[in-house]
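Chemist: how would this look folded up:
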Amino acid sequence: MSVTLPPDYKPSDDEEFMNPQQLEYFRQKLLRWKAELVREANETLSNLTEQNLQQPDMADRASLETEHSIELRTRDRERKLISKINSALKRIEDGTYGYCEETDEPIGLKRLEARPIATLSLEAQERHERMERTHRDD
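Modeler: Numbers count the residues shown, from 1 in each chain. Presented below is the predicted three-dimensional model:
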């Protein structure tokens with residue numbers, strides 16, 4: 001199913017939740033986000049291969065190694081994020097996108113706008129966080 005969105009389209013609570021336009025809107029949003037992360041990862045890889053750690057000055061070398069380490073940790077977080085984006089795209093395909101994994105209730109447009117990879121409603125997420133805090137304090 002191919003849906004063409006007007007350039008200024010924004011999902012609204014006035015329309016049916018997760019109608020074809022909303023699904024396409026979020027699909028495009030997720031694909032743009034993923035493309036940006038992949039582009040940044042490729043830039044990092046390019047930078048890391050171009051930069052030479054054979055700096056004569058120990059302080060310069062240590063500084064460069066620290067920068068590389070931070071950059072690689074950031075990319076690892078982004079790699080995990082790409083996996084979550086791919087999962088969200090699969091949920092769009094299978095018709096479960098936008099609905100809470102626990103309750104099957106709508107997650108809500110505002111939450112999906114802010115975090116398009118969300119799998120839990122705000123209430124379910126808050127419950128999870130309370131449970132984590134409770135178990136962490138034990």
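
Chemist: look up the closest residue to the spatially most central residue of the chain, ignoring the ones flanking it.
Modeler: Centroid check for the chain by CA atoms, centre = their mean gives residue 81 as the closest residue, at 4.6 Å. Among residues not flanking residue 81 along the chain, residue 37 sits closest, at 6.3 Å (CB to CB, 6 or more residues apart in numbering). From N, CA and C alone the C-beta is placed, and that goes for glycine too.

Chemist: show me the contacts for that neighbour.
Modeler: Residue 37 is in contact with 78, 81, 82, 85, counting by CB atoms under 8 Å, 6 or more residues apart in numbering.

Chemist: in a helix, it, correct?
Modeler: Yes - counting by DSSP: H, G, I helix; E, B strand; the rest coil, residue 37 is located in a helix.

Chemist: distance of it from residue 74?
Modeler: Distance of residue 37 to residue 74, computed by CB to CB, to the nearest Å: 10 Å.

Chemist: is residue 44 in a helix, a strand, or coil?
Modeler: Applying three-state DSSP: residue 44 is helix.

Chemist: ok, it touching residue 70?
Modeler: No - between residue 44 and residue 70 there is no contact under CB atoms under 8 Å: 10.7 Å.

Chemist: any regions of this protein where pLDDT drops low?
Modeler: 1, 47-56, 137-138 (pLDDT under 70).

Chemist: list the buried residues of the longest helix belonging to it.
Modeler: Scanning the chain for the helix with the most residues, using DSSP state H, yields helix 58-94. Of all the residues in helix 58-94, those buried under the rule 16 or more other CB atoms under 10 Å are 64, 71, 75, 78, 84, 85, 88, 89, 91, 92.
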